[in-house]
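>>> Have a look at this fold, sequence not included:
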Ligand SMILES: [Ca+2]
Ligand SMILES: [Ca+2]
């Protein structure tokens, strides 16, 4: 009987494979490909009930700290952006007629926390340098809570907003900070081609 069931299963699988093989296929032409390119970031329909896991996920929800008295608040402040030659990451100009229109996506996490938090600044028109204020589309500094000894990682991506076509990559910078006791602070700078970015951490 079991042998018969297995045989039926194999025949069904083979039939399915053949059916897939003869499905009509539509080849996209080059211009259709260009029109059809889009990136969809899957958003979890159900957020985990346990906030701290070892699995890294991308969440588009704001960071909501889970209060733990053994953890400390780390403030992360965007300080400066500088791109005097208005160039993109590939060395070309942001525009042929004007300068870059930079905005910044920030991904940040703590090594104790399995979540990757994701925030984006407001946009800026034709600026080579920015000294970030206290509000950049979200409060600056923003914060995360973590235990002493955890490593905070922040990745900043600068994009040039374009009204026609996709926004273009200006640069990407990564910053790390090991959480220390109260009062510890560090100011960091990083370069991505000619573009520079600085931020600071404070416990
Ligand atoms: Ca551009
Ligand atoms: Ca632009």
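Received, thanks. Every value quoted in this text rests on a predicted model; they were computed, and no experiment measured them. Ligands and ions are numbered 1, 2, ... in the order given.
>>> what about the strands in this structure?
Taking DSSP state E to define them, one finds strands in the chain at 57-58, 72-82, 102-110, 115-120, 129-131, 142-146, 151-160, 168-178, 185-192, 195-202.
>>> Tabulate those strands (a markdown table), appending mean neighbour count, mean pLDDT and distance to residue 92.
C-beta here means a position set from N, CA and C on the backbone, and glycine is covered the same way. Output for those, formatted as a markdown table (neighbours: other C-beta atoms under 10 Å; pLDDT from 0 to 100; distance: least, C-beta to C-beta, whole Å):
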| stretch | mean neighbour count | mean pLDDT | distance to residue 92 |
| --- | --- | --- | --- |
| strand 57-58 | 13 | 54 | 29 |
| strand 72-82 | 18 | 96 | 18 |
| strand 102-110 | 20 | 94 | 15 |
| strand 115-120 | 18 | 88 | 23 |
| strand 129-131 | 14 | 97 | 20 |
| strand 142-146 | 20 | 93 | 32 |
| strand 151-160 | 20 | 95 | 11 |
| strand 168-178 | 18 | 95 | 9 |
| strand 185-192 | 14 | 90 | 14 |
| strand 195-202 | 21 | 96 | 13 |
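>>> okay, the ones you listed in TSV with distance to residue 95 next?
Formatted as TSV, the strands of the chain follow (distance: least, C-beta to C-beta, whole Å):
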stretch	distance to residue 95
strand 57-58	30
strand 72-82	17
strand 102-110	12
strand 115-120	21
strand 129-131	17
strand 142-146	30
strand 151-160	8
strand 168-178	9
strand 185-192	19
strand 195-202	15
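>>> Out of those strands, the one nearest residue 89 is which?
Set against residue 89 and scored by C-beta to C-beta, the strands of the chain come closest in strand 168-178, at 4.6 Å.
>>> quick check: angle from that closest one to strand 142-146?
Taking axes from the mean of the first three to the mean of the last three C-alpha atoms, to 10 degrees, one finds that strand 168-178 is oriented at 40 degrees with respect to strand 142-146.
>>> Mind putting the strands of the chain into CSV with distance to ligand 2?
As requested, these are exported to CSV (distance: least, C-beta to the ion, whole Å):
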stretch, distance to ligand 2
strand 57-58, 26
strand 72-82, 15
strand 102-110, 9
strand 115-120, 16
strand 129-131, 15
strand 142-146, 26
strand 151-160, 4
strand 168-178, 7
strand 185-192, 17
strand 195-202, 14
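>>> which residue packs closest to residue 170, ignoring adjacent ones?
Using C-beta to C-beta, 6 or more residues apart in numbering and skipping residues adjacent in sequence, the residue nearest residue 170 is residue 158, 3.9 Å away.
>>> For the one you found, give me its contacts.
Going by C-beta atoms under 8 Å, 6 or more residues apart in numbering, residue 158 touches 81, 83, 102-104, 169-172, 192, 195, 197.
>>> Swap in 10 Å and give it another go.
Going by C-beta atoms under 10 Å, 6 or more residues apart in numbering, residue 158 touches 81, 83, 88-89, 100, 102-105, 121, 130, 168-173, 192, 195, 197.
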